[in-house]
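>>> Could you look at this predicted model? Sequence included:
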Amino acid sequence: MGRTLGKDLFKHRYLYLLLLPTVLFYVLFQYVPMYGVLLAFKEFKYHGGILSGPWVGMDNFKDLVAQSDFWRAFWNTLYISCGRLAFEFPIAIILALLINEVAREKMKKFYQTVYTFPHFISWVIISGIMFNFLGNAGVLNQIIASLGFHKVTFLTDPGLFRAIVFISNIWKEVGWSAIIYLAAIAGINPELYEAAYVDGAGRFQQLKSVTWPSIRGTAAIMLILAVGNAMNGGFDQIFNLYNPGVYSTGDIIDTYTYRSAFSDGLGFGVTTAVGLFKAVLNFSLLYLANFIVKRLGGEGLV
Amino acid sequence: MQSAAKTASAPIRQTPGRRRKIHAADVVIHAILILLTLATLLPFYNVVLMSFSNTVAVSKQMVYLIPTVFDFSAYTYIIHEPRFLKALLVTIFVTGVGTAVNMLVTVTGSYVLSKTGFPGRKIVMGGIVFTMFFNGGLIPFYLTMKNFHLINNLFVMVLPVAVNTFYLIICIAFFRTLPVALEESAKIDGANDLQVLYKVVVPISMPMIATITLFYAVDRWNEWWYGVLFMTNVNLLPLQALLRELLTNYAQVLSSITTSVSVQNSDLQPEMLKMAVLVVSTLPIACLYPFLQKYFSKGVMIGSIKG
């Protein structure tokens, strides 16, 4: 046994050599930090190793749940994620179905090309575009003013912040999210449409009984993945768009963690605890969503 | 949502390949899609215009759709200002070296993982997939990088992002579709796994490799977060981290710049400079986009979603 394994390893020695950088990457930059999560149960010492402080049990978590800002961030994250599921998730599917109704291939391609472009632009740049567009002297307020209304402080109004988050993310990502559905639609056997047509199905009925059943599985998987990300809430976007004026509705767990650790001095032990809390919750939600989808007869992730 | 309902109200017989009459539903669909096209493009157009519009133009309040003035001073300023040049160089370094490292690690790793029948494959694959769903969080990551002496080190924008798991899985799925016979005949000729990879597999995989290279290059070019997180030395900030500072803290950035070029030009107003940096940050992506776009719609990204 030992000899055959040894032989096997030797036979594939070049494969292992080629795999080495990848394994090193995952160990050093994914698993070593994962091990550092033990800091959530320790006191952090600035001098000495990351984990050199004494064990403190659940003290960091007790400190954390006593922070009202943490709970505010927790609920904001939840609301924003639910909003994304309610607005952003279905709109990608609707856009894919709309593009699919365009008869001419060239037009289809043109629309897709335009809508996908903002996906490749970073949130720093997009935030700059938005400040320019939504600011006090921006295009939108110029139009509002010229129509005789009062200017709106779009970017500092806590009541508008979440709506702006949803709309801007749809603007940036809807084309990209639609691709996966368009690809699923492209894979549908045309004979199915012909059969439906022969049976007298109209355009909408074809959509309902041929197109939709074919993308339902894809939609279920995207839904599971979205639920598994519920505690993230979109750091890149919110970090670049928010300001102290909108913390009440816009501060999410990730932005709260960053500020607490690097400017508010909540301590690395407590902020590690936030990270762990979030990761465990995300993982559980993913598991749960996968379980439910499978129960409902869907394919699921694993 | 309303649009879907509109589609419903117009029962059209659709025959593939035959010319059909233009119907109300088509008009509505195109109207929506054209509106969305304008909504996507106009903000970019406006940014470009703003970058050329000095105080004179802005005071006319006509810069939003029609250009009245073409003032290049914001761009001249960027070219002559060392701080922007440094940031641009940092970004070019990160994009060049970063993408090279990305491709080297991703192609070798995914090639090996596309094979079956060597001990340890399942463990490695499981370990990789697990990281997609669980991680240690920001603080342990930060402290680990600190331990690795990567703070104020340009390689912090290269090494910790050496592999994107999503792209890795796409590559694995792609390599699985290659005919086995090609590799086998090379092996019979006495080539080892290394030689098979770079003499046989890489040449026939060029379209996929080009695509993934572009994806990585865009990601590296867009780097700002590790700049914000790990660089306390402002000379090491990538372009987009500097842009972020400029957007959120304009006065401070300008006061930290000591050259005289800025003061001399009174027409150079803040919006103009911000928008010019924004254009410079976007331009390379816009130039690469046609090549990028050619491939991803062909389903390169698919197959991978289910891992």
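On my side now, so go ahead.

>>> Stretch A:253-260 close to chain B?
Yes - on the criterion C-beta under 8 Å from any C-beta of the partner chain, stretch A:253-260 is in touch with chain B at A:254, A:257-258. C-betas here are computed from N, CA, C, even on glycine.

>>> possible to save the residues you listed as CSV with distance to A:Phe166 and pLDDT?
Formatted as CSV, the entries for the residues of stretch A:253-260 next to chain B read as follows, by distance: C-beta to C-beta, whole Å; pLDDT from 0 to 100:
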residue, distance to A:Phe166, pLDDT
A:Asp254, 17, 96
A:Thr257, 22, 95
A:Tyr258, 22, 96
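
>>> and which of these is nearest A:Ser214?
Distance ranking of the residues of stretch A:253-260 next to chain B against A:Ser214, using C-beta to C-beta, places A:Asp254 first at 35.7 Å.

>>> my guess is the closest one contacts A:Asn229, does it?
No - the pair A:Asp254 and A:Asn229 fails to qualify as a contact (C-beta atoms under 8 Å) at a distance of 11.3 Å.

>>> In terms of neighbours, single out the busier of those two.
Under the neighbour definition other C-beta atoms under 10 Å in any protein chain shown, A:Asp254 and A:Asn229 were set side by side, and A:Asp254 has more, 23 against 16.

>>> In chain A, where is pLDDT below threshold?
Low-confidence segments of chain A, defined by pLDDT under 70, span residues A:1-3, A:302.

>>> so which residue of it comes closest to chain B?
For chain A and chain B, the shortest gap (C-beta to the nearest C-beta) falls at A:Gly275, measuring 2.0 Å.

>>> nearest residue to that residue other than its sequence neighbours?
Taking C-beta to C-beta, 6 or more residues apart in numbering or on different chains, and ignoring the residues beside it in sequence, A:Gly275 has B:Gly137 as its nearest neighbour in space, at 2.0 Å.

>>> one step back: would you mind putting the residues of stretch A:253-260 next to chain B into JSON lines with secondary structure alongside?
Written out in JSON lines, the entries for the residues of stretch A:253-260 next to chain B read as follows (DSSP: H, G, I helix; E, B strand; the rest coil):
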{"residue": "A:Asp254", "secondary structure": "helix"}
{"residue": "A:Thr257", "secondary structure": "helix"}
{"residue": "A:Tyr258", "secondary structure": "helix"}
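
>>> Hmm, B:Ile209 is touching B:Thr106, no?
No - under the contact definition of C-beta under 8 Å, B:Ile209 does not touch B:Thr106, with a separation of 9.3 Å.

>>> So between the two, which is more surrounded?
Using other C-beta under 10 Å as the criterion, B:Ile209 and B:Thr106 rank with B:Thr106 on top: 26 against 18.

>>> any idea how far the more buried one is from B:Val163?
In this structure, B:Thr106 and B:Val163 are 6 Å apart, going by C-beta to C-beta, to the nearest Å.

>>> what do you get for A:Val198?
For A:Val198, the distance to B:Val163 equals 50 Å [C-beta to C-beta].

>>> Look at those two and report which has more neighbours.
Regarding A:Val198 and B:Val163, a neighbour count based on other C-beta under 10 Å identifies B:Val163 as having more, with 23 against 8.

>>> Check which helix or strand the more buried one maps to.
According to DSSP states H and E, B:Val163 maps onto no helix or strand at all.

>>> close enough to count as contact, it and B:Val105?
Yes - the pair formed by B:Val163 and B:Val105 meets the contact definition of C-beta under 8 Å, at 5.4 Å.

>>> about what we covered before: return every residue with contacts to both of B:Thr106 and B:Val163.
Common contact partners of B:Thr106 and B:Val163 (C-beta atoms under 8 Å, 6 or more residues apart in numbering or on different chains): A:Thr22.

>>> where does the stretch 1-150 of chain B have low pLDDT?
Scanning the stretch 1-150 of chain B for pLDDT under 70 picks out the ranges B:1-22, B:57-64.

>>> count of residues packed around B:Val158?
B:Val158 is surrounded by 23 other residues when neighbours are defined as other C-beta under 10 Å.

>>> separation between it and A:Phe166?
Relative to A:Phe166, B:Val158 is positioned 34 Å away (C-beta to C-beta).

>>> re the thing from before, what's near enough to touch the residue of chain A closest to chain B?
Neighbours of A:Gly275 in contact, by C-beta under 8 Å, 6+ apart: A:37, A:40, A:257, B:136-140.

>>> A:Asp254 now?
Residues in contact with A:Asp254, defined by C-beta under 8 Å, 6+ apart, are A:77, A:232-233, A:235, A:238-239, A:278, B:138.

>>> For the closest residue to chain A within the stretch 201-307 of chain B, which non-adjacent residue is closest in space?
In the stretch 201-307 of chain B, no residue comes nearer to chain A than B:Asn222, which is 3.8 Å away by C-beta to the nearest C-beta. Spatial nearest neighbour of B:Asn222, chain neighbours left out: A:Ser122 (3.8 Å); criterion: C-beta to C-beta, 6+ apart.

>>> quick one: that neighbour and B:Ala241 touch, right?
No - here A:Ser122 lies out of contact with B:Ala241, judged by C-beta under 8 Å, at a distance of 10.3 Å.

>>> and for these two, which residues touch both?
Taking C-beta under 8 Å, 6+ apart as the contact definition, A:Ser122 and B:Ala241 share the neighbouring residues B:Trp224.

>>> which stretches of the stretch 151-300 of chain A form helices?
Secondary structure of the stretch 151-300 of chain A (DSSP state H, counting those that start in this stretch): helices at A:158-186, A:190-198, A:203-206, A:212-227, A:235-241, A:247-250, A:253-262, A:268-295.

>>> which strands and helices sit next to the first one?
So the one you mean is helix A:158-186. In terms of contact count using 3 or more C-beta pairs under 8 Å, 6 or more residues apart in numbering or on different chains; DSSP states H and E, helix A:158-186 is assigned the packing partners helix A:68-83, helix A:89-101, helix A:105-116, helix A:123-134, helix A:212-227, helix A:235-241, helix A:247-250, helix B:24-52.

>>> doesn't B:Leu288 fall inside a helix?
Yes - secondary structure assignment (three-state DSSP) places B:Leu288 inside a helix.

>>> burial of the residue lying closest to it once chain neighbours are set aside, as a residue count?
Distances taken as C-beta to C-beta, 6+ apart put B:Leu214 closest to B:Leu288, at 5.8 Å, once the chain neighbours are dropped. The number of residues packed around B:Leu214, counting by other C-beta under 10 Å, is 21.
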